[in-house]
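>>> Next one to model:
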Amino acid sequence: MLQSLSVLVENRSGVLTRVTNLFARRGFNIESLAVGTTHNPAISRISITVDGDLRLVDQITKQLHKLPDVLIVRHLTPADHFSRELVFVKVRCNAENRGEILQVADIFRGHIIDVSPKTITIELTGHDSKIKALQELLEPYGILELVRTGTIAIERGELCMNVEVQSD
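Now for the predicted structure:
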């Protein structure tokens, strides 16, 4: 089962490497990874999706807490967060099928971000199942390229992951 972790870390060189090395050393596979700074430029949020049970999440959480630059680790259960992923899909198209591809994109609330005489690029935000469904419908036209950001997640309601970092 896919599990989501949200990890606040100090925004320093090498922190992401240390976090991903922890996963590699333990033989844990990362299904999805997204990293970016927060509203505080001294802090980054790492959104990690792993395939495993609660025992695995507990193990990972304990190991992450041992890393010096890790500030907070939260396991995000489906009830307490929402998540999305961004995808760009470049599809082969021509004048005859361009309208059909535009209709498919519209059904999924996708946005056209680039058009050329032989291709069209669609931007879509959503859950993995939505992205896979779009991909299946576009396959017959010829997907030339597909780029995914990795899942990002945030807790619902008033729950927040805030922390202040002391400057040296």
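>>> contacts and neighbour counts: CA atoms only from here.
Will do.
>>> So which bits of stretch 56-76 are buried?
By neighbour count on 16 or more other Cα atoms under 10 Å, the buried set for stretch 56-76 is Val57, Ile60, Thr61, Leu64, Asp69, Val70, Leu71, Ile72, Val73, His75, Leu76.
>>> Show me the domain layout of this protein.
With automatic domain parsing as the criterion, the domains of the chain are listed as 2-76, 82-152.
>>> which stretches of this structure form strands?
For the chain, the strands defined by DSSP state E cover 2-10, 30-37, 43-51, 70-76, 81-92, 111-115, 119-126, 143-148, 152-155.
>>> Where among those strands is average confidence lowest?
Ranked by mean pLDDT, these bottom out at strand 152-155, with a mean of 89.
>>> Which strands or helices does that strand pack on?
Applying 3 or more Cα pairs under 8 Å, 6 or more residues apart in numbering; DSSP states H and E, one finds that strand 152-155 contacts strand 2-10, strand 81-92.
>>> partner strands of that strand, parallel or antiparallel?
strand 81-92 (antiparallel) (DSSP bridges).
>>> quick one: Val73 and Leu64 touch, right?
Yes: using Cα atoms under 8 Å, Val73 is in contact with Leu64, at 7.4 Å.
>>> hmm, back to that, and the strands of the chain: which comes nearest Arg18?
Smallest distance to Arg18 across these (Cα to Cα): 10.0 Å, for strand 70-76.
>>> on contacts alone, who are the packing partners of the closest one?
strand 2-10, helix 54-65.
>>> and with 10 Å instead?
Helices and strands touching strand 70-76, by 3 or more Cα pairs under 10 Å, 6 or more residues apart in numbering; DSSP states H and E, are strand 2-10, helix 15-26, strand 43-51, helix 54-65, strand 81-92, strand 152-155.
>>> Quick check: which of these is nearest to Glu123?
With Cα to Cα as the criterion, Glu123 lies closest to strand 81-92 of the helices and strands packed on strand 70-76, at 4.7 Å.
>>> Can I get the closest one as PDB, trimmed to CA atoms?
Output of strand 81-92 as PDB, limited to C-alpha atoms (Å, rounded to 0.1, in the frame of the first residue of the first chain):
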ATOM      1  CA  HIS A  81      -4.200  15.100   3.800                       C
ATOM      2  CA  PHE A  82      -4.700  15.600   0.200                       C
ATOM      3  CA  SER A  83      -2.200  15.100  -2.600                       C
ATOM      4  CA  ARG A  84      -1.600  15.900  -6.200                       C
ATOM      5  CA  GLU A  85       1.000  15.400  -8.900                       C
ATOM      6  CA  LEU A  86       1.800  17.500 -12.000                       C
ATOM      7  CA  VAL A  87       2.400  15.800 -15.400                       C
ATOM      8  CA  PHE A  88       3.300  17.000 -18.800                       C
ATOM      9  CA  VAL A  89       2.400  14.700 -21.700                       C
ATOM     10  CA  LYS A  90       3.700  15.400 -25.200                       C
ATOM     11  CA  VAL A  91       1.600  13.600 -27.800                       C
ATOM     12  CA  ARG A  92       2.100  13.100 -31.500                       C
END
